[in-house]
Each structure stands twice: as C-alpha cells, then as structure tokens.
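Asker: What would the 3D arrangement of this be:
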Amino acid sequence: MAATPRTNDDTPPAGTPGGLFLGLISGTSVDGIDAALVAFEPAPRIAFARTYPYPADLHADVLRWSQAQAQVALDDIARLDTRLGLMFASVANQALADAGVPAASVRAIGSHGQTLRHDPRGAFPFSQQLGDASVIAEATGLTTVADFRRRDVAAGGQGAPLMPAFHAAVMHSPQEDRAVLNLGGIANLTVLPREGVVRGFDTGPANGLMDAWCLRHRGEAYDRDAAFARSGRVDAALLARLLDEPWFAQPPPKSTGRDQFQLEWLASRLRDEAPADVQATLCELSAVTVAEALRTQQPGGARLLVCGGGVHNPLLMARLAAHLPGVVVESTAALGLDPDFIEAAGFAWLARETLAGRPGNLPAVTGARGPRVLGAIHPA
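Answerer: Numbering: from 1, shown residues only. Reported below is the predicted structural model:
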C-alpha cells in the first residue's frame, strides 16, 4: 500500500513488549487514514506516523453516503462497515511494517473508524462510526479498542469531541491559559485554563466545506497554499447568511459533522457569487466562528495551539491570528507534537485508558451524566 509523503520518520523506541499503542482515524475530511504509533512512557511520544490514502472507490462511497440526504441501503452500510474494517486493518499492518515494529510490541489498536452519521440531539441519539473492529482484530492479531463515542451518547452526551481529555493530558500548562484547535473537516476547540474545568466543543466547518468546494470547481482535493481562496474576496453578504445558521448560536456542549455542513447546506445560501469568492468566504467563516468561540469561552487566553490539516492553510492561520490579537496562534509542532497526527495519537491514548479501566470522556465537554470508560474491547 502506498503512503502519502506526510510522515514522522523517527525510529520507534524498542520499548518493552506491548508498550506501544497504535491509533487509527479517518476524520470528516476523508482524506485518508492516519496511523500513529505512540509510546506513553516515560512521556507521550509519537514514534511513527503516516497517512494512508483511500482507494478511489472507497473514498467516493464514504463521501456519498455520509451526506445527510443520502439514501443508503442496509446492505450497503453493512458492506461498507466490513470494507472499512479491512482497510483499517491493512493500514495497521502496513504501518507496523513501515515502522519496522513487530506486532508483539503493540499493546492494542485504538480505532476511531469513519463517521457515517452523527445525531446526538435527536429523539433517539446516536453516533455511527464504521470500520468493523472484529475484522481489524482478526486481520491484525492485535487487541482492538473501538466504538468510543456511543457510550458517551448513551450517557446523555454528544459523543464528541473526545480529544479534549487527551489535549489536557499532554498540552495543559499551569503557567498560561491555552486552547487547542483541531482543524479537520470540522473545527473543534479545547479550552485549557491554568486552573479549572477543561471544556471543548465543535465550532463549525473547517476544511470540509473548503475541500468540497475546491474539488467541485478546481478538481483538486484541497486548496493548496490557499491559492483558490486568495484569488477571491470575502463576500460580506454571503458570510452573514452563513453565520445566520442557528447551530452557531447554540451553547456548548455541541458537536456536528459532514452530515450537517456540506455542499447542499452551502448551496441553499448561495446567490450568484463567483466560486473564488465563495472559497475565500468559507475560509473566513472558519476563522470567524473559531475566534468568536474562543473569545466567548476564554477571553483571557494567551495561546492557541493548532493541529489538523488546516494548520497547513496559510490564509486560514493568518485570519485566525488577525481575529485574535494578543493571542499566540501556532502549530502544536511548537510543543514537539506533529499537528497532522494529534487525533490518531489521541485514539491510541483512549485505547490505553480503556484497557486500564479509566474514563475517556469529560462530562463538562460532552454533556454526559458522568465519566465513562469508552469503547468496546475486541481481544486479539
């Protein structure tokens, strides 16, 4: 299996057998499966990380069937669950081979899977991730922990975001108020005060809408170096219509996904704007909604640590800094943490917490009735 060039080629530590955890995630951007091999002793360290792209047909099916209006047959969902399980298992095996690490050195896989639907506020709340963990365990011979979100939803929570607990474990500082921003398909924010309760929530679209619009009008999977957005201008009237979405006014805890913020949502608010202006406005939408959320939730914040694919969008990073004067806006790389693999490392950490019988959610973040041990364990 070919891998994208994006990689952390540090030699993994020998460690003790079973001392490593392998985190796997495919996010709302659906740009591939991120794999991160993580050591947690004596301190968290991403020993190896790489992104493995989807085959074109699987990528197309995930994108098509993750849309809210898509009509999906039960058989299609079941087959996609198995196909994704096989894909995640293949990535796990390939990552270990690429890292030169024997399976015996890995304690467990933590697999987020691929979100197909997320509706934690409905009459019958649910969050559905595909990627059959039984298939992964069988094909890798490794204990696999998966299905992390549904226990939190069952306890009255949003099931998302789940990364704030990991962010707090590895990026909290007693010297300053910080926040961590993940810019994936959806943007989510973790507020890390020097003292007090950690909070976190989704703020709205990040790369998902920009990528989809760029693909439609440029035939490119993403807006490299923000060239498309830079060729247009922010349309104030369109931005106002986008910001008028009631979801933005909801207080935390809250979460969302591609099934809400997708091209059909955008199309209902368009008039006759030039495509480049729409791209520029979508970038501004992400920056404005993140900045407003941070000002509201942490008005005295000193530092915003950014991870996820959006960290490579220079215009988005510049607009965030412009909307947050007095706040240091920088990549998590400043802390020695690869911004492309924070989430994958986080699911490795969640697998570790589950096996240790420790809660992985933060009720103040998700709204759950209390701390819960997350995920289902599929033994090797």
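Asker: Mind jotting down where the helices sit in the stretch 251-380 of the chain?
Answerer: Counting by DSSP state H, counting those that start in this stretch, the stretch 251-380 of the chain has these helices, from start to end: 263-267, 275-297, 314-323, 342-355, 363-366.
Asker: From the contact counts, what lies against the second one?
Answerer: It refers to helix 275-297. strand 178-183, strand 186-192, strand 199-205, helix 207-218, helix 227-230, helix 236-243, helix 314-323 (3 or more Cβ pairs under 8 Å, 6 or more residues apart in numbering; DSSP states H and E). From N, CA and C alone the C-beta is placed, and that goes for glycine too.
Asker: list the buried ones in that helix?
Answerer: The neighbour-count check on helix 275-297 (16 or more other Cβ atoms under 10 Å) flags 276-291, 293-294, 297 as buried.
Asker: And stretch 300-315, by the same measure?
Answerer: 301, 303-313, 315.
Asker: before we move on, back to that, out of the helices of the stretch 251-380 of the chain, which is closest to Ala97?
Answerer: helix 342-355 (17.1 Å; Cβ to Cβ).
Asker: Which elements pack onto the closest one?
Answerer: Here helix 342-355 touches strand 20-26, strand 33-39, strand 45-52, strand 106-119, strand 144-146, helix 163-171, going by 3+ Cβ pairs under 8 Å, 6+ apart.
Asker: just the CA coordinates of it, formatted as CSV?
Answerer: Written as CSV, here are the backbone C-alpha positions of helix 342-355 (Å, rounded to 0.1, in the frame of the first residue of the first chain):
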residue,chain,number,x,y,z
ILE,A,342,-2.7,14.5,17.2
GLU,A,343,-6.1,12.8,16.7
ALA,A,344,-4.6,9.5,15.8
ALA,A,345,-2.3,9.7,18.9
GLY,A,346,-5.4,10.6,20.9
PHE,A,347,-7.2,7.4,20.0
ALA,A,348,-4.1,5.4,20.9
TRP,A,349,-4.3,7.2,24.3
LEU,A,350,-8.0,6.4,24.6
ALA,A,351,-7.4,2.7,23.9
ARG,A,352,-4.8,2.8,26.7
GLU,A,353,-7.3,4.5,29.1
THR,A,354,-10.0,1.9,28.2
LEU,A,355,-7.7,-1.1,28.9
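Asker: now it, how far from the chain's geometric center?
Answerer: 13 Å (Cα atoms, centre = their mean, to the nearest Å).
Asker: now it against strand 45-52, angle please.
Answerer: 120 degrees (axes from the mean of the first three to the mean of the last three Cα atoms, to 10 degrees).
Asker: close enough to count as contact, Thr281 and Asp235?
Answerer: Yes - look at Thr281 against Asp235 with Cβ atoms under 8 Å: they come within range, at 5.0 Å.
Asker: any shared contact partners between those two?
Answerer: Counting by Cβ atoms under 8 Å, 6 or more residues apart in numbering, the residues touching both Thr281 and Asp235 are Glu273.
Asker: Of the helices and strands packed on helix 275-297, which is nearest Lys254?
Answerer: Per Cβ to Cβ, nearest to Lys254 of the helices and strands packed on helix 275-297: strand 199-205, 5.2 Å.
Asker: which strands and helices sit next to the closest one?
Answerer: Against strand 199-205 (3+ Cβ pairs under 8 Å, 6+ apart) you get helix 163-171, strand 186-192, helix 275-297, helix 363-366.
Asker: quick check: mean pLDDT across the second one?
Answerer: If you average the pLDDT over strand 186-192, you get 95.
Asker: The first one too?
Answerer: Looking at helix 163-171 alone, the average pLDDT works out to 95.
Asker: Mind listing what's buried along that helix?
Answerer: Met163, Pro164, Ala165, Phe166, His167, Ala168, Val170, Met171.
Asker: quick check: angle from that helix to helix 342-355?
Answerer: Using the same axes, to 10 degrees: helix 163-171 against helix 342-355 is 100 degrees.
Asker: Now helix 163-171 - C-alpha only, PDB.
Answerer: Extracted C-alpha coordinates of helix 163-171, given in PDB (Å, rounded to 0.1, in the frame of the first residue of the first chain):
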ATOM      1  CA  MET A 163      -9.900  14.800  22.200                       C
ATOM      2  CA  PRO A 164     -10.100  17.400  25.000                       C
ATOM      3  CA  ALA A 165      -9.100  14.800  27.600                       C
ATOM      4  CA  PHE A 166      -6.000  13.900  25.600                       C
ATOM      5  CA  HIS A 167      -5.200  17.500  25.000                       C
ATOM      6  CA  ALA A 168      -5.400  18.200  28.700                       C
ATOM      7  CA  ALA A 169      -3.200  15.200  29.400                       C
ATOM      8  CA  VAL A 170      -0.400  16.300  27.100                       C
ATOM      9  CA  MET A 171      -0.700  20.100  26.400                       C
END
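Asker: List the contacts of it.
Answerer: So helix 163-171 is contacted by 44, 178, 180, 182, 188, 190, 192, 198-200, 305, 332, 335, 337, 342-343, 345-346, 349-350, 353, 360-362, 365 (Cβ under 8 Å, 6+ apart).
Asker: Can you add distance to Gly19 and give the buried residues of helix 163-171 back as CSV?
Answerer: Formatted as CSV, the buried residues of helix 163-171 follow (distance: Cβ to Cβ, whole Å):
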residue, distance to Gly19
Met163, 23
Pro164, 25
Ala165, 21
Phe166, 18
His167, 23
Ala168, 23
Val170, 17
Met171, 22
